[in-house]
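Enquirer: mind looking at a prediction? Sequence and model below.
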Amino acid sequence: MAGRKLHLVALSPDEAAAAWLARHDASPQAAEDPDFVAWLDESDTHRQAWSRAQRLWEDAAHPVADDPLLSALRAEALAARPDPWPRMAIAACLVAIIGGGFLAWRLHGPPDSETSGRRIAAVDPTARYGAADLVSAKGARLVTQLPDGTRLELDTDSAVDLAFTGRERRLRLVRGQAFVTVAADPRRPFALDVADQTIVDRGTAFAARLDPAGVRVTLVQGRVAVGPSGAPPRYDLAPGQRLTLKPGRPGVVEAVDTDQALAWRQGFIEFSDTPLGEAVAEMNRYGGPTLTVRDPHTAGLKISGRFKLGDAERFVRTTSALLPIHATRVAGGLELRAGAEASEPAG
């Protein structure tokens, strides 16, 4: 077989089997490689290790092609294999091909707990999905740096769950909106799970939003691939594009002004010919008096402008000056109604 010679002297039989399995997955002609045949014939231990690797491959829950994150991990491992293969590259191929930490534990013991030089405890709650690890309060934003150096910004009333291991980096957006500037780490691909979609990072800064209306992904720089969790990606975004996914509808990719779309990162929100009902719903996400619009015609009036987050009363004063509406205080907040506000009768 053409290609680099595979050096196995420093590897255990199981590690060597994993390396050959990676070669076989990349090229069926690897079975005819004289080095592989010689290694296999060398001892019963080698043949048993090869059988174990094949058996675990066949028992895998799904093939690597069906998981975009594992596909990325496998591609990185196979593309960056030096001579001789380092143990971490073997382990990376192994996890990528078979599809999870279970095989890594079976062949090598517990997965490596090193995360960018920082050792985490074996029971670290961020190593798997569970309860939300980071939460922002309503009306507040949260900016933090994750253990790998990734910068995470949470919009109001948002939550994410972390699942970082020595093999991969995953986040799950539980609710709300997040902006992620991903730290480079070729050995550990990064993915963000949002509802039933997975966003695979390819060196990016991007935003994702999850609400009852669906999922939105906005790319600022780099590339991301998006697709149903456990399936190949369906969408590849370029900087300045936004993908909108609504239940029961095909995805829509459109060009957007990212500064406008992500103005919340600067403490503002921008509307451009936005129906008043939608604008009110957005303002309510950031706290302050609850705004309501009951009349459908009034809710359909269009509003444009840049507004400070959390300042609902200033929003009402501005829209009342721009549109034929007025605000009336009701229990719990303000209702926007059609027409000018009635003047007080003369005394």
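Expert: Here it is on my side, so go on.
Enquirer: can you list the domain ranges for this structure.
Expert: For the chain, automatic domain parsing gives the domain ranges 13-108, 125-260, 267-338.
Enquirer: would you list those domains in a markdown table and tack on mean pLDDT and mean neighbour count?
Expert: The C-beta positions use only the backbone N, C-alpha and C, and glycine is treated the same way. Shown next, in a markdown table, are the domains of the chain (pLDDT from 0 to 100; neighbours: other Cβ atoms under 10 Å):
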| stretch | mean pLDDT | mean neighbour count |
| --- | --- | --- |
| domain 13-108 | 58 | 18 |
| domain 125-260 | 91 | 18 |
| domain 267-338 | 93 | 17 |
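Enquirer: separation between the closest residue to L276 other than its chain neighbours and V293?
Expert: Nearest-residue entry for L276: L301, 4.7 Å, with adjacent residues in sequence omitted and distances by Cβ to Cβ, 6 or more residues apart in numbering. Separation of L301 from V293 (Cβ to Cβ, to the nearest Å): 9 Å.
Enquirer: quick check: neighbours shared by these two?
Expert: Common contacts of L301 and V293, defined by Cβ atoms under 8 Å, 6 or more residues apart in numbering, comprise L276.
Enquirer: for the strand of greatest length in the chain, name the packing helices and strands.
Expert: Secondary structure of the chain read by DSSP state E shows that its longest strand is strand 169-181. Judged by 3 or more Cβ pairs under 8 Å, 6 or more residues apart in numbering; DSSP states H and E, strand 169-181 is in contact with strand 151-154, strand 159-164, strand 190-194, strand 205-211.
Enquirer: what about the nearest residue to T204 once chain neighbours are set aside, distance to L146?
Expert: Nearest residue to T204, sequence neighbours excluded (Cβ to Cβ, 6+ apart): G222, at 3.2 Å. Going from G222 to L146 by Cβ to Cβ gives 17 Å.
Enquirer: same check on T274?
Expert: Distance from T274 to L146, by Cβ to Cβ: 33 Å.
Enquirer: before we move on, what about P250?
Expert: 33 Å.
Enquirer: now A207
Expert: A207 is 16 Å from L146, by Cβ to Cβ.
Enquirer: over to E282?
Expert: Separation of E282 from L146 (Cβ to Cβ) stands at 27 Å.
Enquirer: do F315 as well
Expert: Counting by Cβ to Cβ - F315 and L146 are separated by 33 Å.
Enquirer: can you pull out the helices in the stretch 101-250 of the chain?
Expert: 101-108 (DSSP state H, counting those that start in this stretch).
Enquirer: contact partners for the residue nearest to L276?
Expert: P275, L276, L323, P324, I325.
Enquirer: likewise T156?
Expert: Contacts of T156 (Cβ under 8 Å, 6+ apart): 136-141, 176-177, 264, 285-287, 309.
Enquirer: filter the residues you listed down to just the ones in strands.
Expert: Using DSSP E, those in strands are G176, Q177.
Enquirer: in a markdown table: the contacts of T156, plus distance to S158.
Expert: Output for the contacts of T156, formatted as a markdown table (distance: Cβ to Cβ, whole Å):
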| residue | distance to S158 |
| --- | --- |
| S136 | 5 |
| A137 | 10 |
| K138 | 10 |
| G139 | 12 |
| A140 | 10 |
| R141 | 8 |
| G176 | 3 |
| Q177 | 6 |
| W264 | 10 |
| R285 | 10 |
| Y286 | 12 |
| G287 | 13 |
| L309 | 13 |
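Enquirer: from the contacts of T156, pick the one nearest G332.
Expert: G287 (12.9 Å; Cβ to Cβ).
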